[in-house]
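In: 3D model of this:
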Amino acid sequence: MFIFLICITLLILSYKFYSPFVEKQAGIDPEAKTPFTRLNDGVDYVAVSPFKAFLIQFLNVAGVGPIFGPILGALYGPIALVWIVLGNIIGGAVHDYFSGVLSIKENGQSLPEIAGHYFNIYFKGIMLVFTAMLLFFVGVVFVMSPAGLLSNLDFFQNTIFSDDKLWVIIILGYYLLATLLPIDKIITKVYPLFGLLMAIMTTSIAIALLIHAPQLPEIENIFAYFNHSHIKDELLMRDPNGPPVWPLLFVTITCGAISGFHSTQAPIIARCLTNEKYVRPVYFGAMLAEGVVACVWALAGIAAFPGGYVELQSILSQGGPGLVVNKVANSYLGAAGGVMAVLAVAVFPITSGDTSFRALRLTIIDAFKIPQSIKNRLLISIPILVIAYFMTKVDFSLIWRYFAFSNMLLSTSVLWLATKYLFVRKTFHWITSIPAIVGTCVTISYIMTAGIGVNLPEAVAYPVGVGVGVVCLIALIIAHRKEYSK
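Out: Numbers count the residues shown, from 1 in each chain. All right, here's what the predicted structure looks like:
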């Protein structure tokens, strides 16, 4: 129990004490005109209150990522909670915050345009490719996962709604509307309600786990993880023959710790804020809130099953993280609460999928300077959604692996972009450059060992990943001395 309470406390304290320091480096100006005040177009540049903006951003970035990822990460044991909290505070919250800062400082533009401004056209092209790829994969994943959840609900069985293909078409139809319509027609009206639903569901599950869970991890289990000879309860620990923590845990749990996908959502809200001072509560705050959600579901995966690792692995092999959600919700919230929780978990990815395709439309429009007419929005959106439909027929696990890698790669790229921004300002860049170096090590190590990558032995791949990180650190120190001595 104490591990969980310490995790939540650290997330809260980081907003109180660390986020003001980060904000000080960013050069926020409450007197500056925001993109909305200069470019109000009634479609994407529309005023949104800070509270609504927080709930929309929270829901945009949350989806099922901070639920499914931490459940899978629970297979690694209590160390998953440590990564979520440290990754969130040092990496994810800073990453999300500067995604918002960079966008609001650059007229709400998408990441590739900002990259071109601070680096060059080549880096802009790389960012455009990876941003578009990630947004597309996220959109496809968040068609397939809710369609599967909804079609398997008990009260849809033996009806036409038990067919996941029907749900795919329904969800894609909704995505078309959400992508085309002005942001204040659907997103700003419905998303705050769903954001509150996420908060209520998460709080209910957390309270139920703390009261009724059969085995809550304690602090000694963290230390026991590193020395199996002192493990008191093997059920609480990961399989010693399972996948290695480095780098797989860092790629398995991205949402909740650090996720490049979040940076693709930043321009949506950056175009709607009425003051730069709202960037910190909206972006930094939403990421910390997602960290709380991730901690709750990691705790559920670790503590809710008397059979420990073996039972969790068995349930995952039967029905994936969705089945774990179903069992946890029904066990701790009852039948009615279980249905509501599963419905919520089905809705959340839809709210990330639609903004993924919307952000993809904005990225393409920004990159090629396309006018915002309804005809142009249709010409961009319809082909994307048609291709997405055919991609839903591809093996889900393959798409997820590409999504996971591109997610980590983009987050690392954004941290390097933020580092460049702080270099230009000559402020304390280490808040972004250190996590950027760690992200570089993780990304290189993963793609060197992964089957979708180079597929090298761990003994070769890991030194390569760490070596690249060391080279980046040395280059950064040299650049720091040169730039900051002027």
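In: right, and residue 80 touches residue 300 too?
Out: No: counting by C-beta atoms under 8 Å, residue 80 stays clear of residue 300, with 11.3 Å between them. Quick note: C-beta positions are derived from backbone N, CA and C, even for glycine.
In: comparing those two, which residue is more hemmed in?
Out: Relative neighbour count places residue 80 above the other of residue 80 and residue 300, with 31 against 27, counting by other C-beta atoms under 10 Å.
In: residues contacting the more buried one?
Out: 70, 73-74, 249, 253, 298, 301-302 (C-beta atoms under 8 Å, 6 or more residues apart in numbering).
In: closest one of these to residue 476?
Out: The shortest distance between residue 476 and any of the contacts of residue 80, using C-beta to C-beta, involves residue 249 and amounts to 25.2 Å.
In: test my guess that the closest one contacts residue 83.
Out: Yes: taking contact to mean C-beta under 8 Å, the distance of 5.8 Å between residue 249 and residue 83 places them in contact.
In: return every residue with contacts to both of those two.
Out: Among the neighbours of residue 249, those also in contact with residue 83 (C-beta under 8 Å, 6+ apart) are residue 73.
In: skipping adjacent residues, who's closest to residue 40 in space?
Out: Beyond its immediate neighbours in the sequence, the residue positioned closest to residue 40 (C-beta to C-beta, 6 or more residues apart in numbering) is residue 46, lying 7.2 Å away.
In: I misspoke; the intended subject was residue 406.
Out: When the adjacent residues along the chain are set aside, residue 406 lies closest to residue 134, with 4.5 Å between them (C-beta to C-beta, 6+ apart).
In: residue 282 versus residue 19, what's the distance?
Out: Spatial separation of residue 19 from residue 282 under the definition C-beta to C-beta, to the nearest Å is 11 Å.
In: show me which of the two is the more surrounded one.
Out: More neighbours sit around residue 282 than around the other of residue 19 and residue 282, counting by other C-beta under 10 Å; the figures are 28 against 21.
In: check contacts around that one.
Out: With contacts defined as C-beta under 8 Å, 6+ apart, the neighbours of residue 282 are 50, 53-54, 57, 100, 269, 273.
In: tell me the SS of it?
Out: Recorded secondary structure, residue 282: helix (DSSP: H, G, I helix; E, B strand; the rest coil).
In: next one: residue 255
Out: With three-state DSSP as the basis, the three-state label of residue 255 is coil.
In: what's the neighbour count on it?
Out: Residue 255: 27 surrounding residues under other C-beta under 10 Å.
In: that one contacts residue 286, doesn't it?
Out: No: taking contact to mean C-beta under 8 Å, the distance of 11.8 Å between residue 255 and residue 286 leaves them out of contact.
In: between those two, which contacts overlap?
Out: With contacts taken as C-beta under 8 Å, 6+ apart, the residues that reach both residue 255 and residue 286 are residue 61.
In: tell me the helices in the stretch 301-450 of the chain, going along the chain?
Out: With DSSP state H, counting those that start in this stretch as the definition, the stretch 301-450 of the chain shows helices at residue ranges 308-368, 374-391, 396-425, 430-449.
In: tell me which of the ones you listed sits most buried.
Out: Taking mean count of other C-beta atoms under 10 Å as the contact definition, the stretch among the helices of the stretch 301-450 of the chain with the greatest mean neighbour count is helix 430-449, which reaches a mean of 23.
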